[in-house]
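Starting from these lines, generate the structure:
(one chain, ligands or ions: 1)
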Amino acid sequence: MNISIIGTGYVGLTTGIALAELGNQIILVDLIKEKLDIIMSGVAPFFEPGVNELLSKHIRTGNIKTTMDGANAIMVTDMTFITVGTPSRKDGSMDDSHIRSASKMIGEALKDKEDFHVVVMKSTVVPGTTLGIIRETIERQSGKKGGSDLGIAMCPEFLREGAAMHDSMHPDRVVVGCIDDRTYEIMERLFSPLGSRILRTSPTAAEMIKYASNSLLATKISFTNEISRICEKVGLDVYEIMEGVGLDFRINPMFLKAGAGFGGSCFPKDVSALMNLAKQLDLDTPLLNGVMKNNEIQPQHLVEVAERTFGPLGGRRVAVLGLAFKPDTDDIRETRSLPVIRALMDRGAVVRATDPKAIGNFKAAIPDIVYSDDLEEILDWAEFVFILTEWPEYGTIDWGSKTHLSAVIDGRRSVDPVSMKNVKYWAIGSPLP
Ligand code: UGA
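Purely as a prediction, here's the structure:
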């Protein structure tokens, strides 16, 4: 199939590559020429394992092309995916401006197109958006009717950053929300080569499935972190506890790892947007409020325990290892390293930070601390170390030789406690020292 994709961010580019892998011809559309130039050189504008290799392959073979001319891309393709950003506004609600402009552009282009065309919403949006803003705008601009003259579908993305290509090629499920059989059959033809279960539902239900999935995953993490703080005081190890809990197949072991909290572009944004939707509907969300509150408590808790246990941090040299919101990405959106570093700075600590991929992005958020690519140098300089992203390299440090350190605080369980015999060490969720 010939497919145009509007928006070449994380979801757009990885969706394009995955669909190219399935044998489709892809045109990526973006308004920023520099971004398209980078993509055409076979390099993704973000770090994600495996993406550059596949991107270069499909650029070379011509399966992936790019353009700034969205209208023409729509004319020469059979379907269009919308993968533009849906950032949060200050009040937590969804900023729909990019969706509105993409829908307007698609509608205008479809006015002159005779063939049946399917528009697929892929970005995470508040329930009601696809059949509301998107359908109404496209119908108004094109003069055509969704469900008969053109297809409208909502197909949420479930990939994780750092595992984007794996998740795109082996999804647990493909959720397809549409209002007509013809569109469903086209979507089924497109995704059946993946061999995953395809769930047919309505567009609004598909939107809600995405929000509910992310909110439940975030709930599992916050729940674990709350249990973790109780375990610490009772003298128990939360990892042992949650291993036992996760063996119940109704619960499963995933997303039960205690840590500094959840970050990223999705969980905080989606939980807030769902809470905001509920508020508009005059509903309380005590559980989701708690999920977000727990996520704010955890970074502060880490710093408070460190100070209570190992002494005041004011004026001390503190190294922060890990700035990305998780390993295998350079993404720092909502990373828990931000509140931890702010809490350290508020206490007057002298902070230096390192990360294998995310220093460049993090500098823009906090410009006034020293960054270093040299892990050994920063460890030699430090008195205290906070580990905030579980990059594998932190597990292989020769900690036994770092006897000059006053303490290592592991916010992600990145280090084998056996290797910490000569160093004062505390890991999140383990008994308080
Ligand atoms: C998440 C979902 O897992 C994807 O299914 C979804 O498609 C994506 O959001 C999205 O909506 O786009 P992602 O944000 O890439 O994916 O990252 P996760 O692997 O889910 O991790 C999110 C955060 O939770 C990270 O900060 C991670 O450190 C934290 N986490 C995760 C924990 O603290 N404990 C855990 O047990 C698992």
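
and the nearest residue to Arg173 once chain neighbours are set aside, what does it touch?
Take Arg173 and drop its neighbours on the chain: the residue closest to it by Cβ to Cβ, 6 or more residues apart in numbering is Arg197, 4.9 Å away. In this view, the C-beta of every residue, glycine as well, is placed from N, C-alpha and C. Shown in contact with Arg197 (Cβ atoms under 8 Å, 6 or more residues apart in numbering): Asp172, Arg173, Val174.

Equivalent analysis for Gly92, please.
For Gly92, the residues meeting the contact criterion (Cβ under 8 Å, 6+ apart) are Ser272, Ala273, Met275, Asn276.

follow-up on the earlier one: state the distance from the residue nearest to Arg173 to Asp172.
8 Å (Cβ to Cβ, to the nearest Å).

so what sits against both of those two?
With contacts defined as Cβ under 8 Å, 6+ apart, no residue is adjacent to both Arg197 and Asp172.

Next, please give the residue ranges for the strands of the stretch 251-400 of the chain.
Taking DSSP state E, counting those that start in this stretch to define them, one finds strands in the stretch 251-400 of the chain at 317-321, 350-354, 370-371, 384-387.

and what of the stretch 1-150 of the chain?
Listed in chain order, the strands found in the stretch 1-150 of the chain under DSSP E, counting those that start in this stretch are 2-6, 25-29, 64-67, 79-82, 118-121.

For the ones you listed, give me TSV that also has mean neighbour count, distance to the ligand and mean pLDDT.
Listed next are those as TSV, based on neighbours: other Cβ atoms under 10 Å; distance: least, Cβ to the nearest ligand atom, whole Å; pLDDT from 0 to 100:
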stretch	mean neighbour count	distance to the ligand	mean pLDDT
strand 2-6	24	16	98
strand 25-29	24	19	98
strand 64-67	20	21	98
strand 79-82	26	15	98
strand 118-121	26	14	98
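
Now tabulate these in TSV and tack on distance to Thr15.
Listed next are the strands of the stretch 1-150 of the chain as TSV, based on distance: least, Cβ to Cβ, whole Å:
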stretch	distance to Thr15
strand 2-6	6
strand 25-29	9
strand 64-67	11
strand 79-82	6
strand 118-121	9
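
quick revisit: look up how far Ala273 lies from the residue nearest to Arg173.
According to Cβ to Cβ, Arg197 and Ala273 sit 26 Å apart.

pLDDT on stretch 257-270, on average?
Taken as a whole, stretch 257-270 has an average pLDDT of 96.

nope, stretch 319-335 is what I meant
With pLDDT averaged residue by residue, stretch 319-335 scores 96.

does the ligand sit close to it?
Yes: with Cβ under 6 Å from any ligand atom as the measure, stretch 319-335 is seen reaching the ligand through Phe325, Lys326.

Now for the nearest residue to Val291 once chain neighbours are set aside, how many residues are close by?
Once its chain neighbours are removed from consideration, Val291 has its nearest residue in Ser222; the separation is 4.3 Å (Cβ to Cβ, 6+ apart). When counting by other Cβ atoms under 10 Å, one arrives at 23 neighbours for Ser222.

after whatever helix or strand Ser222 lives in comes which helix or strand?
Element membership of Ser222, judged by DSSP states H and E, is helix 203-234. Downstream of helix 203-234, the next assigned helix or strand under DSSP H and E is helix 238-246.

So what touches that next one?
For helix 238-246, the surrounding residues in contact (Cβ under 8 Å, 6+ apart) are 224, 227-228, 231-232, 251-254, 256-258, 413, 429-430.

In it, which residues are buried?
Buried residues in helix 238-246, counted by 16 or more other Cβ atoms under 10 Å: Val238, Tyr239, Ile241, Met242, Val245, Gly246.

got it, and stretch 390-408?
By 16+ other Cβ under 10 Å, the buried positions in stretch 390-408 come out as Glu390, Trp391, Tyr394, Ile397, Trp399, Lys402, Leu405, Ser406, Ala407, Val408.
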